[in-house]
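[1] coords please:
(chains A and B)
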Amino acid sequence: MTAPRFPVGAPVRIRRAWPPGHVRAPWYLRGHRGEVCAVVGDFGNPEELAYGRRDGAKLTLYRVRFRQTEIWPDYAGPTADTLETEIYENWLEPAA
Amino acid sequence: MSGDHDDDRHHDHGHGHDHPPGQKHPFQPDLEDSPLSHYQLLQMAVAELMIEKGVFTGEEFRRTLEDIDSRTPAAGARVVARAWIDPAFKARLLADTNKAAAELGIDAGTIPILTVENTPDTHNVIVCTLCSCYPRLLIGLPPDWYKSREYRSRVVREPRQVLAEFGTAIPDGMAVTVHDSTAELRYMVLPMRPAGSEGLDEAALAELVTRDCMVGVTLPKAP
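    Numbers count the residues shown, from 1 in each chain, chains lettered A, B, ... in the order given. Down below sits the predicted model:
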């Protein structure tokens, strides 16, 4: 694996996009800002594999941590509450 | 007889509905009484094609299903109990759960499982909002509620309320972290060892570890 585009700690935003088809970036996180908490590794892109396109290309997969209060403006719990999920690199943009 | 509904002629079981004498008790629908969904048909067609093309045999397919169905939370409970008594094992578990499980003779499969550790500062809970990803080979098949739309949509939105409905009150000073399994990993929660369990051996500790506490919706049983 080469050096990941987004190292641990990098602020990222999930692309605000709504493509059709098999997508693994959850709807409720699109447009939201988080932070890379782990680089999982390189995997085949499920958005291609789902349609039988197996060209061997790999995408880096990250674990991204979000503050619940950032995802849900009316979140009722403490600000320390978080949500972590796995996001493929094609869904990440650098965030300020 | 018990409440089994397999013989309506001996209608001596008490339950809360009436039907006129001589009229048949309503049957529980058979499997075939609901139409197959598109994806059930697709799955059957693909499985038959794989067998026809010799990718695997019918016997291998049956054995795999039988193996998956035979998995139970007991394997995960053994892993948790070992982690409670052996800090070096716990470190290996957090680094590579599948490999650590293999040390105990447990084949957790090839999909990497990530163990997330509850601490006095953080409580973890797992969900798959997209479908029903679950560490099946380590803790068995998921309960129906885990696959329900209600659990999947609410636990990411109001985890503390959902946990409270499971009887689990998380103090405000402890953060809740929700893990949404969207991709290549599966998750298992390593609960905290309960107070008062100091004198228990590994087997007795494993008895305290339930399926739900490895999903993170409850805590282990009190000793």
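[2] pLDDT wise, what is the residue lying farthest from the centre of chain A at?
    Distance from the centre of chain A peaks at A:Ala76, with 23.9 Å (Cα atoms, centre = their mean). A:Ala76 is assigned a predicted lDDT (pLDDT) of 92.
[3] once you drop chain neighbours, what's closest to it?
    Leaving aside its chain neighbours, A:Ala76 sits nearest to B:Glu158 (6.6 Å; criterion: Cβ to Cβ, 6 or more residues apart in numbering or on different chains). For every residue, glycine as well, the C-beta is placed using N, CA and C.
[4] if I follow the layout properly, the one you found ends up in contact with A:Asp81?
    No: counting by Cβ atoms under 8 Å, B:Glu158 stays clear of A:Asp81, with 10.2 Å between them.
[5] out of these two, which sits in the busier spot?
    In this view B:Glu158 and A:Asp81 are compared by other Cβ atoms under 10 Å in any protein chain shown, and A:Asp81 has more residues nearby, 25 against 17.
[6] just want the phi and psi numbers for that one.
    phi -70, psi 140 (degrees, to the nearest 10).
[7] show me which helix runs longest in chain B.
    Using DSSP state H, we find that the single longest helix of chain B is helix B:38-52.
[8] what pLDDT, on average, does that helix get?
    The average pLDDT for helix B:38-52 rounds to 96.
[9] okay, now B:Glu184: neighbour count?
    Burial of B:Glu184 is recorded as 18 neighbouring residues (other Cβ under 10 Å).
[10] nearest residue to it in space, please, no chain neighbours.
    Spatial nearest neighbour of B:Glu184, chain neighbours left out: A:Phe43 (5.3 Å); criterion: Cβ to Cβ, 6+ apart.
[11] pull the contacting residues for the one you found.
    A:Lys58, A:Leu59, A:Leu61, A:Tyr88, B:Ala183, B:Glu184 (Cβ atoms under 8 Å, 6 or more residues apart in numbering or on different chains).
[12] buried subset of the residues you listed?
    In terms of neighbour count (16 or more other Cβ atoms under 10 Å in any protein chain shown), the buried residues within the contacts of A:Phe43 are A:Leu59, A:Leu61, A:Tyr88, B:Ala183, B:Glu184.
[13] let's have those residues in JSON lines, adding secondary structure and pLDDT.
    Listed next are these as JSON lines, based on DSSP: H, G, I helix; E, B strand; the rest coil; pLDDT from 0 to 100:
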{"residue": "A:Leu59", "secondary structure": "strand", "pLDDT": "94"}
{"residue": "A:Leu61", "secondary structure": "strand", "pLDDT": "97"}
{"residue": "A:Tyr88", "secondary structure": "strand", "pLDDT": "97"}
{"residue": "B:Ala183", "secondary structure": "coil", "pLDDT": "91"}
{"residue": "B:Glu184", "secondary structure": "coil", "pLDDT": "94"}
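[14] quick check, nearest of those to B:His38?
    Closest approach to B:His38 among the buried ones among the contacts of A:Phe43 (Cβ to Cβ): B:Ala183, at 24.5 Å.
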